[in-house]
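**Student:** what would the 3D arrangement of this be:
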Amino acid sequence: MGKLAEKKKRKRMALLDAAYDLFTSKGVNETSISDIVQGAELAKGTFYLYFKDKSEIYTELVTQKAAELFSVIREQLPGDGNSSLEDTVVQLVDILVDMLNADKALLEFIAKNLRWGVFHKVMLEGGNEVSDSFFEWYTKLIANSGRKFRNHNLMIYMIVELVNATCYNVILYEEPVTLPELKEELAKLIPVIIRNKEVVDKAE
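**Tutor:** Numbers count the residues shown, from 1 in each chain. Got it, this is the predicted structure:
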């Protein structure tokens, strides 16, 4: 059973890898299931053993790529615990922007498809080793700050969406500003979003 499970895992990953290559080169709409199985070098019937349709493999890919991205970012963040919440999130965003700038195909794929449902599944619900690790890290980050926030899950989503929306044109077309200029503005805006979501005890 161990060898069978490993064989199934390899086929599933072959389909995901082929789909990603095609989605980022040809486009989602222009890619057919036949294209995917041909790229994976598998029979067409094999596709339906793992995925219901093209939409399902597409959604899983967005979830997978976003989860992998945030996991790598988490590992690159300093772990000394000396940075403030604002500084840590700004550092997270700085790494995120640099990674998207280095992989423009991933930028286009994530920027067009990172909606709340996918974000929530990746960042907040957990469900696999990659997303659980980021969920645990973010929960601990909030707890260690000693501060209270109105819906801190929405807070990080708003920040990621801000980055997602603004860096797309800047990275791909260098409009309306350069990337260093954008990063400077994001470093100013992110603390404002965080402070705006903070619940302050009126007795203080």
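
**Student:** check contacts around the nearest residue to Arg150 once chain neighbours are set aside.
**Tutor:** With sequence-adjacent residues excluded and distances taken as Cβ to Cβ, 6 or more residues apart in numbering, Arg150 is closest to Lys197, at 5.2 Å. For every residue, glycine as well, the C-beta is placed using N, CA and C. Lys197 sits next to 149-152, 154-155 when contact means Cβ atoms under 8 Å, 6 or more residues apart in numbering.

**Student:** in space, what's closest to Asp21 - neighbours in sequence excluded?
**Tutor:** Computed as Cβ to Cβ, 6+ apart, the closest residue to Asp21 that is not its neighbour in sequence is Gly39, at 6.4 Å.

**Student:** so after the helix or strand that contains the one you found, what's the next helix or strand?
**Tutor:** Here Gly39 sits within helix 33-40, counting by DSSP states H and E. Sequence order places helix 44-50 as the next helix or strand after helix 33-40, per DSSP H and E.

**Student:** how much distance is there from the very next helix or strand once past that next one to the middle of the chain?
**Tutor:** Beyond helix 44-50 on the C-terminal side, the first helix or strand identified by DSSP H and E is helix 54-76. Relative to its parent chain, helix 54-76 has a centroid offset of 5 Å by Cα atoms, centre = their mean, to the nearest Å.

**Student:** against which helices or strands is helix 54-76 packed?
**Tutor:** helix 2-25, helix 33-40, helix 85-102, helix 104-113, helix 116-119, helix 129-145 (3 or more Cβ pairs under 8 Å, 6 or more residues apart in numbering; DSSP states H and E).
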